[in-house]
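> Following is a predicted model, sequence given first.
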Amino acid sequence: MLLNIAILLGTLVAMEGVGTLAHKYIMHGWGWWLHRSHHEPHLGMLETNDLYLLALGLVAAALVAIGKAGYWPLHWVGGGVAAYGVLYVAAHDGLFHRHWPRKLRPMGRYLRRLHRAHRLHHAVKGREGSVSFGFFYAPPLQVLVRQLRRNRRPRN
């Protein structure tokens, strides 16, 4: 059982790297056509960007199913992917964008830092020049502010 928990937790931690790279190079790259909805005002609770979360859920479900079919470690990898998705919805939609009926406020230094970094990410209109692509890790805010200023300078 300890090995299973280690696989789940290891996957959960690794998903931050996967999520950061996917956010920077897919969502702000060739997949911008879906992610754009997240950076623009919208009505309602759903946006086309939510298809990324649906895809993550399908990957998690497939991994759990394959794990149940005999490849046991993938069951726990799928659990780690699913746990990351649940934590993402709680932090991103609940705390950062306040899409829930009760408007929660980030408590503690860690959550406030993530919240501020996420706001800096959304300070840029469009897909170019954003900073802080992670969901559960953010560089120091001073670093992000310097990057944002550097990104806003006109280029020759």
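The structure has been received and is ready for your questions. Residues are numbered from 1 along each chain as shown.

> Run through who's touching stretch 81-91.
With contact meaning Cβ atoms under 8 Å, 6 or more residues apart in numbering, stretch 81-91 is reached by 8, 11-12, 15-16, 19, 53, 56-57, 59-61, 63-64, 111, 114, 135-136. In this view, the C-beta of every residue, glycine as well, is placed from N, C-alpha and C.

> please redo it, this time with the cut-off set to 7 Å
Stretch 81-91 is contacted from outside by 8, 11-12, 15, 19, 53, 56-57, 59-60, 63, 114, 135, using Cβ atoms under 7 Å, 6 or more residues apart in numbering.

> pLDDT below threshold where in the protein?
Applying pLDDT under 70 to the chain flags residues 99-101, 154-156.

> mind listing the helices for it?
Ranges of helices within the chain are 2-21, 32-35, 50-68, 72-88, 108-121, 141-152, based on DSSP state H.

> Give me the helices and strands touching the first one, please.
Counting contacts by 3 or more Cβ pairs under 7 Å, 6 or more residues apart in numbering; DSSP states H and E, helix 2-21 is packed against helix 72-88.

> May I see the buried residues of the helix it packs on?
Residues 74-85, 88 are the ones in helix 72-88 that count as buried (16 or more other Cβ atoms under 10 Å).

> Just put the residues you listed in CSV and tack on distance to residue 104.
Putting these into CSV (distance: Cβ to Cβ, whole Å) gives the following:
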residue, distance to residue 104
74, 34
75, 32
76, 30
77, 30
78, 28
79, 25
80, 25
81, 24
82, 22
83, 20
84, 20
85, 19
88, 15
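
> Among those, which one lies nearest to residue 24?
Distance to residue 24 across the buried residues of helix 72-88 (Cβ to Cβ) is lowest for residue 88, with 15.5 Å.

> I'd like the distance from that closest one to residue 3, if you could.
Separation of residue 88 from residue 3 (Cβ to Cβ, to the nearest Å): 25 Å.

> likewise residue 41?
Note on residue 41: its distance to residue 3, by Cβ to Cβ, is 47 Å.

> Next: residue 65.
Distance of residue 65 to residue 3, given as Cβ to Cβ: 20 Å.

> For those two, work out which one has more neighbours and name it.
residue 65 (13 against 10; other Cβ atoms under 10 Å).

> Okay then, goodbye and thanks.
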